[in-house]
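Asks: Return atomic coordinates for the entry below.
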Amino acid sequence: MSFYSKSFLVFSLLSLSFQANALTVQHTNTAFGKEGNCVAIMSLHSQQQITQLEMNITVQDATGRTLGTHRIEVEEIGASYATNSRDEFLEGEYICQDKFSLVVTRAVGIMDNQTIDLLQNKLVEVADFKPMPIRLQAKSEAVQSVPVPNTKNMFGELMYLIKSGKRTVSEYRTYLKKYDFDHSTEDGLPGFSVSGIDIFNDSPSPEDIIRLYFDEDQQLVAIFSFSGLEAANSDVFVEKAEIANGKLLFLVKKHPMVKQLKRHVKEIMSNAG
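Replies: Purely as a prediction, here's the structure:
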């Protein structure tokens, strides 16, 4: 293949596969750290799979003087709904200054088995972060009560999200990331995305498992666990099934894949046992 044909191939691939910005970066917060340092939180977001992402970040003051440099290495981002976003933490005493800028000087990663210079190919976008206003309202002034989260364990936090009416994948993204959920698509369950994680309880009970089932509309349809969901009797669940000493709890009434999902859970529990 000649030089010209190689160039044409790369150009065509970039123009067809990576039309949208592949990576979005945001500075979402600055907080106090340890030992007099501060931490700048940079959020990364991608809906296209990027592996072995390497970024160089320069911190500059208001005059453009370099205060420090940071290197970010991300093994993978954008492979699934649970990994579309992640936060990186840039720590240093100089970040405690009132005004500073974060300058991305390098962003290289692998996309579709090619090493791509994201900056050179204009595939990086900077998004301005606009915080939402926060108001304080006493219970006597509240229109409706809001459930208080039990953040002592992942099950309590999950029940808080469910009772708060959270149903979409995007609303669970922070939760899935916090507890390091794995994401997969089951061949035997077309139309479903399965997020599951094996965990150990704080008590001396055996290993537990929790699986979240989102349908093709990215809606949470059901959850399965052995024993962790203390509030399994909550009226938010419209249907319940006991399977292999575990509970399969449905949030959507008369979903067209209820029978198939029950059969699927029985099969994976049978294989696991």
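
Asks: Which parts of this structure belong to which domain?
Replies: By the record's domain assignment, the chain is partitioned as 17-126, 139-272 (automatic domain parsing).

Asks: gap between the first one and the chain center?
Replies: Mean-position distance between domain 17-126 and its chain equals 16 Å (CA atoms, centre = their mean, to the nearest Å).

Asks: Rounded mean pLDDT for it, please.
Replies: When pLDDT is averaged over domain 17-126, the result is 88.

Asks: what do you get for the last one?
Replies: Mean per-residue pLDDT for domain 139-272: 71.

Asks: follow-up on the earlier one: dump the domains of the chain to a markdown table, plus mean neighbour count and distance to residue 132.
Replies: C-beta coordinates here come from the backbone N, C-alpha and C atoms, glycine included. Shown next, in a markdown table, are those (neighbours: other CB atoms under 10 Å; distance: least, CB to CB, whole Å):
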| stretch | mean neighbour count | distance to residue 132 |
| --- | --- | --- |
| domain 17-126 | 16 | 12 |
| domain 139-272 | 15 | 15 |
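
Asks: Now do stretch 223-241: distance from first to last residue.
Replies: Start and end residues of stretch 223-241 are separated by 11 Å (CA to CA, to the nearest Å).

Asks: With distance to residue 133 as extra columns, can I get the domains of the chain in JSON lines?
Replies: Shown next, in JSON lines, are the domains of the chain (distance: least, CB to CB, whole Å):
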{"stretch": "domain 17-126", "distance to residue 133": "16"}
{"stretch": "domain 139-272", "distance to residue 133": "16"}
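
Asks: Helix, strand or coil: sort out residue 119 for me.
Replies: Under the three-state scheme (DSSP: H, G, I helix; E, B strand; the rest coil), residue 119 adopts coil.

Asks: Pull the contacting residues for it.
Replies: Counting by CB atoms under 8 Å, 6 or more residues apart in numbering, residue 119 makes contact with 104, 105, 106, 107.

Asks: State the pair within the residues you listed that is farthest apart.
Replies: 105 and 107 (8.5 Å; CB to CB).

Asks: Residues that sit against both of the two, list them.
Replies: With CB under 8 Å, 6+ apart, residue 105 and residue 107 have common neighbours 56, 119.

Asks: What strand or helix carries residue 160?
Replies: Secondary structure assignment for residue 160, by DSSP states H and E: helix 154-163.

Asks: Quick one: name whatever helix or strand follows that helix.
Replies: Following helix 154-163 toward the C-terminus (DSSP H and E): helix 169-178.

Asks: Would you state the helices of this protein in chain order?
Replies: 3-17, 154-163, 169-178, 258-272 (DSSP state H).

Asks: packing partners for the last one?
Replies: Contact partners of helix 258-272 among helices and strands, from 3 or more CB pairs under 8 Å, 6 or more residues apart in numbering; DSSP states H and E: strand 220-225, strand 239-243, strand 246-250.

Asks: Over to the second one?
Replies: Secondary structure elements in contact with helix 154-163, counted by 3+ CB pairs under 8 Å, 6+ apart, are helix 169-178, strand 208-215, strand 220-225.

Asks: please redo it, this time with the cut-off set to 10 Å
Replies: When contacts are defined as 3 or more CB pairs under 10 Å, 6 or more residues apart in numbering; DSSP states H and E, helix 154-163 sits against helix 169-178, strand 192-199, strand 208-215, strand 220-225.

Asks: how big is the angle separating the first one from helix 154-163?
Replies: Meaning helix 169-178. Angle, helix 169-178 to helix 154-163, by axes from the mean of the first three to the mean of the last three CA atoms, to 10 degrees: 170 degrees.

Asks: Make 285 the first number, not 1, from now on.
Replies: Okay, using 285 as the starting number, the last item reads as helix 453-462.

Asks: Contacts for helix 453-462, please.
Replies: With contacts defined as CB atoms under 10 Å, 6 or more residues apart in numbering, helix 453-462 is touched by 329, 364-371, 438, 441-442, 444-446, 448-450, 465-467, 477, 479, 481, 496, 498-499, 501-504.

Asks: change it to 6 Å
Replies: For helix 453-462, the external contacting residues (CB atoms under 6 Å, 6 or more residues apart in numbering) are 365, 366, 479, 498, 502.

Asks: Over to stretch 347-362?
Replies: Under CB under 6 Å, 6+ apart, the answer for stretch 347-362 is 330-335, 337-345, 367-368, 372, 374, 376, 378.

Asks: That'll do, ta.
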